[in-house]
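> Here is my input; please provide its structure:
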Amino acid sequence: MPTTPQIPGVKLEHSVAINMRREVAELLGKPNISFPGAQPVSFAKKHLDELHHEDYYVCEKSDGIRCLLYCTHGDTDEIEAYYLIDRKNDYYYVQGLHYPKTIDDWSSFHTGTIADGELVIDEKKDGRKVLKFLVFDCLVLDHESLVARPLDKRLGYFREHFFKPYEALCKAFREEMHLQFKNMELSYALPKMFDLVLPNLEHGNDGLIFTAVNAQYKFGTDEKILKWKPADENSIDFRMNLEFPLLPREEWEDDEPQHDWYAIPSIFLSVNTGGGGYQRWAEMYITEDEWNDLKNMGVELDERIVECAMDDEKRWRFKRFRNDKKDGNHISVVNSVMESIRDGVTKEDLLKVAGSIRTQWKGRQARVQGGR
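Numbering: from 1, shown residues only. The predicted structure follows:
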């Protein structure tokens, strides 16, 4: 079982975080202070056609914690400061990081920089567990906004001006790299992904991410980022509510209804409808042993955000708590996931079309080169 990472650093107080959110929104030219990270849509059969008609990169979907890395200055311009921003839009101040701007000056550092990525724990063959930040996009670098550029240009710019100096620093001082690029492949390299990349990962994985090469970065839900999961990994983040049965009437005190707190409750799952509202969606199936495991965790269970997946009998089953999220999936996301579950795009379906995706990609490339 892969180890779940914890966000390092010190969480900022709300009053301080509000100012940081405004600072980041201004840097990005955003009209609001919500979490700026792009969010994928679930992969459905219609997206197979899209992979044929548009260039996409594919990478593994890490089973970690989604974060943005914000590089700025501290109390003075001479002091560097680094923050991790989670999907709750909370900010964590992290000490001990350093990313030089150039190979020629190790003391230099980036400000006004936001990289998108995921925290994972790599489990080494010697038993060590190493926390790493895997970068898969960049929104702004040294106050220069990259969001309007295509993905390949954003990644190339970040690699040249951020990653290469950091990589050189680590080699010079023989330090283990805690920031790495997530390996991007062309969308038709699906046999390589399934046969070589996924089996050799040192951290948890639960699918693939396809991202359009020529699309700009989009805050919020992005139809050009596709999240594929195996059928048994397609999941939804719900808000969980417990309802305990009533005791028999003869056991009520003063004719007041009394709940049986020792019984297994009904566990209802609700979806986020926006504006703080929730709509009851389904009931979670749970065995007696699973209920005992939940109780023994010693945490508040009612109104927790939980990730659930559907089993072979179409029952929603508990997978884990989503402590990194303050709300469940929006109903639009839920409908997208349900479409993926109904469509059932399998690993075999993807492998079957890899060759034709390659043919279409090469054809587009030839037409572009022929038009020069």
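> Report the buried residues of stretch 350-365.
By neighbour count with 16 or more other C-beta atoms under 10 Å, stretch 350-365 contains the buried residues Leu350, Val353, Ala354, Ile357, Arg358, Gln360, Trp361. The way it works is simple: take the backbone N, C-alpha and C, and place the C-beta from them, glycine included.
> Just the CA atoms of that stretch, as PDB, please.
Taking Å, rounded to 0.1, in the frame of the first residue of the first chain, the C-alpha atoms of stretch 350-365 are listed here in PDB:
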ATOM      1  CA  LEU A 350      -6.600   2.700 -25.100                       C
ATOM      2  CA  LEU A 351      -4.000   0.200 -26.400                       C
ATOM      3  CA  LYS A 352      -6.200  -0.700 -29.300                       C
ATOM      4  CA  VAL A 353      -6.200   2.900 -30.600                       C
ATOM      5  CA  ALA A 354      -2.600   3.800 -29.900                       C
ATOM      6  CA  GLY A 355      -1.500   3.000 -33.400                       C
ATOM      7  CA  SER A 356      -4.200   5.100 -35.100                       C
ATOM      8  CA  ILE A 357      -3.500   8.000 -32.700                       C
ATOM      9  CA  ARG A 358       0.100   7.800 -33.800                       C
ATOM     10  CA  THR A 359      -0.900   7.800 -37.500                       C
ATOM     11  CA  GLN A 360      -3.100  10.900 -37.000                       C
ATOM     12  CA  TRP A 361      -0.400  12.700 -35.000                       C
ATOM     13  CA  LYS A 362       2.300  12.000 -37.700                       C
ATOM     14  CA  GLY A 363      -0.100  13.200 -40.400                       C
ATOM     15  CA  ARG A 364      -0.700  16.500 -38.600                       C
ATOM     16  CA  GLN A 365       3.100  16.900 -38.100                       C
END
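> Looking at that stretch now, give me its mean pLDDT.
Averaged over stretch 350-365, pLDDT sits at 95.
> What of stretch 276-290?
94.
> How about the contacts made by His330?
Applying C-beta atoms under 8 Å, 6 or more residues apart in numbering, one finds that His330 lies in contact with Val271, Asn272, Thr273, Gly274.
> Looking at those, which are in strands?
Those of those mapping onto strands are Val271, Asn272, Thr273, Gly274, per DSSP state E.
> what sits opposite the second one in the beta ladder?
Read that as Asn272. Beta bridges link Asn272 to Tyr278, His330 when assigned by DSSP bridges.
> Run the chain-centre distance for stretch 92-108.
Distance of stretch 92-108 from its chain centroid, counting by C-alpha atoms, centre = their mean, to the nearest Å, is 25 Å.
> measure that stretch end to end?
Chord length of stretch 92-108, first to last residue, is 22 Å (C-alpha to C-alpha, to the nearest Å).
> Ok, stretch 242-255 next?
End to end - C-alpha to C-alpha - stretch 242-255 spans 23 Å.
> Surely Trp261 and Glu243 touch.
No - judged on C-beta atoms under 8 Å, Trp261 makes no contact with Glu243 at a distance of 11.7 Å.
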